[in-house]
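# just need the structure, nothing else, for what follows:
(one chain, ligands or ions: 1)
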Amino acid sequence: MKIYFCGSIRGGRVDVHIYRRIVKQLQSYGCVLTEHVSSSGLSDKGEDAADADKFIHDRDVDWLLQSDVVVAEVTQPSLGVGYELGRAVDMKKKVLCLFRPASGRTLSAMIRGANDNNLFMVRDYAEDQAEKVLEQFFSQLIGTFGAQSQ
Ligand SMILES: O=c1[nH]c(=O)n([C@H]2C[C@H](O)[C@@H](COP(=O)(O)O)O2)cc1CO
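Numbering: from 1, shown residues only. From the prediction side, this is the model:
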């Protein structure tokens, strides 16, 4: 299974330790195409490459197209994550958004309001529940994948 993980980069890196935990758990379900998002070595300047922004955009849209499922940590607001989620909806990808109410923030209506409890799911969680929430989501997803392939 190919998994596209979204997390804030230029929107701010305060939650990178949580991204790391999430990506570690996601790697037990499949290949995480965007592992770099969880790297503590990556600052809020983003990746460094020649013609970086066009390269990053085109590579990430291509990875989104290839992905079987999209998981986004949406607590720290990020234009890039919002854009990725909009593109993922358009591609009819299965999406899980994770939000921590304990942050004191209110999630954008354009994310929470997109929840349909099917293709696009928004789940509130506490930091110490991250692995459990992912386990629940992926056990259902793997069940569906299995049923489809029979
Ligand atoms: O260097 C980067 N590399 C990269 O893969 N992204 C993608 C993946 C993240 O899920 C998302 C973060 O967007 P933003 O930088 O606007 O917070 O965009 C974004 C940047 C910088 O904008």
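
# please make it C-alpha for all contacts and neighbour counts, starting now.
OK.

# residues from this protein in reach of the ligand?
When proximity is defined by Cα under 6 Å from any ligand atom, the chain lies next to the ligand at 6-11, 46-47, 56, 78-81.

# among those residues, which ones are buried?
6-11, 46-47, 78, 80-81 (16 or more other Cα atoms under 10 Å).

# between those residues, which is nearest residue 67?
Set against residue 67, the nearest of those by Cα to Cα is residue 6 (12.0 Å).

# which ones among the residues of the chain next to the ligand map onto helices?
56, 79-81 (DSSP state H).

# wait, a strand at residue 72?
Yes. Counting by DSSP: H, G, I helix; E, B strand; the rest coil, residue 72 is part of a strand.

# shaky segments in this structure?
49-50, 145-150 (pLDDT under 70).

# any chance you could map the strands in it?
If DSSP state E is used as the criterion, the strands of the chain fall at 2-6, 31-32, 69-73, 94-99, 120-124.

# what helices or strands is the shortest one leaning on?
Taking 3 or more Cα pairs under 8 Å, 6 or more residues apart in numbering; DSSP states H and E as the contact definition, the neighbouring helices and strands of strand 31-32 are strand 2-6.
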